[in-house]
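# Need a 3D model of the following:
(2 chains)
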Amino acid sequence: MRTAFLLFLLAIGIQAQTLLIRNATVLTVTKGTLQTGCVLVRNGKIAEVGPNVNAPAGATVVDATGKFLSPGLIDCHSHTAVEGSVNEGSVSDSSMVNIADVLDPTDINIYRALAGGLTVSNVLHGSANAIGGQTIVIKLRWGKPAKDLMFAGAKPGIKFALGENPKRQGYPAEFLSSPATQERRFPGTRLGVEDEIREDFTQAKIYQTKWKQYNERLARGEHPIPPRRDLRLEPLVEVLEGKRYVHAHSYRSDEILALIRTADDMGFKIRTFQHVLEGYKVAKEIAAHGAGASTFSDWYGYKYEVIDATPYNAAIMTRKGVVVSLNSDSDELQRHLNWDAAKVVRYGGLTPEEALAMVTINPAKQLGIDDTVGSIEVGKSADLVLYDRDPLSNYSKVLKVWIDGHPYFDRDQDLQDRDKRAARKKELIAKEKAEEDAARKKSETERKDKTTPNAVPPTKEGEL
Amino acid sequence: MRPAPLFFALAACCLAAEHQSIIIRNVTVHPVTSPEIEGGSVLIVDGKIAGIGSDIQAPGAQVFDGQGMHLYPGLINAGTNVGLAEISSIRDTVDLDEIGIFNPQLKAEVAFNPTSEHIQIVRAAGITTVLSLPSSGGEEFGSPNATTPMITGQAALMHLDGWTWEEMALKRGAALDLLFPIIPSVPRRQPVTTGTPPRTYPDLEREYKVKLEQLSTFFEDARRYAKATSAGAPDFEPDPKLEAMIPVIEGKRPILVRAAKERAIKDAVEFADKEKVKIIIADPHDLGSTLDLLAKRGIPVVLGQTLSLPLKEDDAYDSQYSLPSQLFKAGVKFCFATFDVEFARNVAFQAAAAVAFDLPQEEALKSVTIRAAEIFGVADQIGSIEKGKVADLILTDGDPLQATTSIKAEFIAGRLVSLESHHTRLYEKWKDRP
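The predicted structure follows:
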């Protein structure tokens, strides 16, 4: 209890810290670029942005002359920090499972991503089923317990998946590249995937009505028997009521359009289409539905349904009014989303500002968190990244990262600590070895005591 | 925003003939092997570079106005499966990893599909030459056994323009693709399996030794065969497999050894020493203490994807990003490759990332041009803008290692090639959908 209180005090101390980053090229994303700018951080929030800001007493001052400051990068499609498999693939609708239950805050990929300027991730269930599990948004607060990684106030989501992945479990054995790990199940076609979602929402609406009627009777002072809770349908009711976002894995234009129509018919919204490599073919319809598109910069050629992938996808969708973000879907790629964003300048001629927006404010909008993150603006959370060069340069690297004004990555510190960590590792290995040796000696002595001397040959080195 | 302005497209039809002279004027020439020339010109005659400078006279030559942009040598991806694999997850479209332990007679170029979509896509990124490999790679964490392939065939350097693979082959038999036997890492926590029990270290070590022995025997057979060939014995029976090994044991064709970790690298170098063959280390991810060894022996390295995760949980976060600068500081010659198809066009961005992590910028550019040419013995033909070399040139609006740069025009063997691809055609069609 006392430890908790001390930690609380410590946290308050961190929150209360005042930080001034001075003379950086400030890429605000939403309010242009300050060639030489200062950003003042107070209580974890951006307090002032301008060409000249005086350092308040006691402020930590970072001289960033010649360096670049951007908002923390945001990845709208990640599976980082998910313990074990990302797929509960045994059923076609696994909406009852939640990624929050299997979040591993000690996944080293969190730190590696931080070292690449990432501060927020949309952590998703896999794509093995038409309706997958519940999803969460996290801040990469490395070193904190799982509950402290949760992005407070971010709306939870649910993963949907269309196309090859969800229908694969329905293939006959001769079409599987590796032996089936489970029985065939519906759906095995895109027709079936469309129907699966429609059937599930039909049930969800009935379930919703039952609860509505129950609550109405309760309000009238009656004593009705409550409907039986259904943990699978509850999250779908939340979708219908706008309390949970739908993130839909998709590739082909037909399936994207079909899901939009299902959603229209059932009365819910798709928040984002994920991957959405043929989004450019139905950009008009995506924009009209109000969905965002979270895509890859230039992935192609890895499966049949991406046959019409093109790196110009982001540019076309942007010009047709879709809010586009670039995601990683990868523990590796999430470490340099800024370099990835630069590609939309080459492919389709978007501006550098539009490019940077695709890994900052646009994913923030898609996740409904743009009121607190995604740009450098007064009042927003101080999630900031300092680079040695323009982050859209492939020669740039991240020097420092702050989340809520608290430093979470510092390259100099990382370099300094390497010897220390190596020494610590050596120490731990020696300790473990000593313990093993001691245990072995002990067991030998015990054996010797029980038998005649020298009857058991000594254990040879390396046999353990 | 078109991939290439209209006048370039018009120029294409006029400049198609190979025997013509073309002069590219009004460009900053970046020869790579010598200082850049502002306001320079490059003269191409019969597909070769015939002159470079700021004051070249070429009466009768077609003039190509570079509009003040930058001219670089074409980039090289020194390890791909381009031409041999179309969609990696669909086996029918993949011609990699033939059955058999020793297949030195297999030649990548004969199955190089000259109309693969990847060729145009990779070319549009400024890459004019790729090394095409007949295998998809090693099995570092897999489970090699007695039938796992070791020699998968000959890699070929392919130009990314031509009507047939014969026209595209720049150097056949550029290297022998060798997946060196390793002792795979045994996971600390064995996965729960219902099938065969997981193999233990002693098992794996035994298998490794057997494979090493097989490999040595095969080289020994090749040596005996070479002797028999030259002796011209009356009852001599030719064997294509062993025939293909003759250039290798004579030191004319290097073995390209996929060796990810320190131990495999050391083993492979030791093996090459014992067999007295030329060796190139490919796709290393943990150099460990091998830097001095590689530097001292002058063994070159083809780096695989350096935009990859550290091997071990406690490795430095930038352990892969810094591989190029480690090699550079140690004095080891290296170039870049992707060892795939889907990301082959992005090889320049790996070189660029190395600059972020301490590789000098000019070295990064060399590592995707002249260094690759040197390592595969074609530096007299490609890799830089020099008189007498093949005219593989790219015109850009900036540094070709930057993603924000566009490739505006490209010459392969003096021919102006199209930068259109399935990707640009989809763009042109769908951007105007009403």
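
# dump the residue contacts of residue 55.
Picked chain A for this. When the contact criterion is Cβ atoms under 8 Å, 6 or more residues apart in numbering or on different chains, the partners of A:A55 are A:L20, A:R22, A:V61. From N, CA and C alone the C-beta is placed, and that goes for glycine too.

# Please refer instead to chain B.
Applying Cβ under 8 Å, 6+ apart to B:D55 gives the contacts B:S41.

# hey, which helix or strand in the chain has the poorest pLDDT?
I'll assume chain A. helix A:2-16 (a mean of 48; mean pLDDT, DSSP states H and E).

# List the residues that contact B:F376.
Applying Cβ under 8 Å, 6+ apart to B:F376 gives the contacts B:A78, B:L131, B:L157, B:K171, B:A174, B:A175.

# tell me which parts of the stretch 201-350 of chain B are close to chain A?
Residues of the stretch 201-350 of chain B lying close to chain A (Cβ under 8 Å from any Cβ of the partner chain) are B:307-310, B:313-314, B:316-318, B:341-342, B:345-346, B:349.

# Need those residues in JSON lines (columns: secondary structure and neighbour count).
What follows is those, written out as JSON lines (DSSP: H, G, I helix; E, B strand; the rest coil; neighbours: other Cβ atoms under 10 Å in any protein chain shown):
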{"residue": "B:L307", "secondary structure": "coil", "neighbour count": "21"}
{"residue": "B:S308", "secondary structure": "coil", "neighbour count": "17"}
{"residue": "B:L309", "secondary structure": "coil", "neighbour count": "19"}
{"residue": "B:P310", "secondary structure": "coil", "neighbour count": "19"}
{"residue": "B:E313", "secondary structure": "coil", "neighbour count": "11"}
{"residue": "B:D314", "secondary structure": "coil", "neighbour count": "11"}
{"residue": "B:A316", "secondary structure": "coil", "neighbour count": "18"}
{"residue": "B:Y317", "secondary structure": "coil", "neighbour count": "22"}
{"residue": "B:D318", "secondary structure": "coil", "neighbour count": "23"}
{"residue": "B:V341", "secondary structure": "coil", "neighbour count": "29"}
{"residue": "B:E342", "secondary structure": "coil", "neighbour count": "21"}
{"residue": "B:R345", "secondary structure": "helix", "neighbour count": "27"}
{"residue": "B:N346", "secondary structure": "helix", "neighbour count": "23"}
{"residue": "B:F349", "secondary structure": "helix", "neighbour count": "25"}
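
# pLDDT added to those, as a markdown table?
Shown next, in a markdown table, are those (pLDDT from 0 to 100):
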| residue | pLDDT |
| --- | --- |
| B:L307 | 96 |
| B:S308 | 96 |
| B:L309 | 96 |
| B:P310 | 96 |
| B:E313 | 93 |
| B:D314 | 93 |
| B:A316 | 97 |
| B:Y317 | 98 |
| B:D318 | 98 |
| B:V341 | 96 |
| B:E342 | 95 |
| B:R345 | 98 |
| B:N346 | 98 |
| B:F349 | 98 |
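
# Out of the residues you listed, flag the one nearest to A:I110.
Nearest to A:I110 among these is B:Y317, at 10.9 Å by Cβ to Cβ.

# which residues does the closest one contact?
Counting by Cβ under 8 Å, 6+ apart, B:Y317 has contacts A:Y111, A:R112, A:A115, A:R335, A:D414, B:P310.

# where's it relative to A:D329, distance?
With distances taken as Cβ to Cβ, to the nearest Å, B:Y317 is found 20 Å from A:D329.

# Check B:A260 too.
In terms of Cβ to Cβ, B:A260 sits 24 Å off from A:D329.

# Over to A:L399?
As judged by Cβ to Cβ, A:L399 and A:D329 stand 26 Å apart.

# quick one: contacts for B:V378?
B:L157, B:L170, B:K171, B:A174.

# try 10 Å
B:V378 is in contact with B:I76, B:T129, B:L157, B:L170, B:K171, B:A174, B:A372, B:K389, B:V390, counting by Cβ atoms under 10 Å, 6 or more residues apart in numbering or on different chains.

# cool, B:I22 as well?
Per Cβ under 10 Å, 6+ apart, neighbours of B:I22: B:11, B:14-15, B:42-45, B:47, B:50, B:58, B:61-64, B:391, B:393, B:411, B:414-416.

# could you pull out the helices for the stretch 51-200 of chain B?
B:117-123, B:165-168 (DSSP state H, counting those that start in this stretch).

# With respect to burial, which of those helices scores highest?
Counting by mean count of other Cβ atoms under 10 Å in any protein chain shown, helix B:117-123 has the highest mean neighbour count of those, with a mean of 24.

# hmm, that helix in reach of chain A?
Yes. Under the criterion of Cβ under 10 Å from any Cβ of the partner chain, chain A is reached by helix B:117-123 at B:E117, B:H118, B:I121.

# With pLDDT added, can I get the residues you listed in TSV?
Listed next are these as TSV, based on pLDDT from 0 to 100:
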residue	pLDDT
B:E117	97
B:H118	98
B:I121	98
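
# OK, contacts around A:L69?
A:21, A:23-28, A:34, A:37-39, A:49, A:62, A:376, A:384-387, A:391, A:400, A:402.

# 6 Å instead, please
With contact taken as Cβ atoms under 6 Å, 6 or more residues apart in numbering or on different chains, A:L69 is in contact with A:I21, A:A24, A:V26, A:L384, A:L386.
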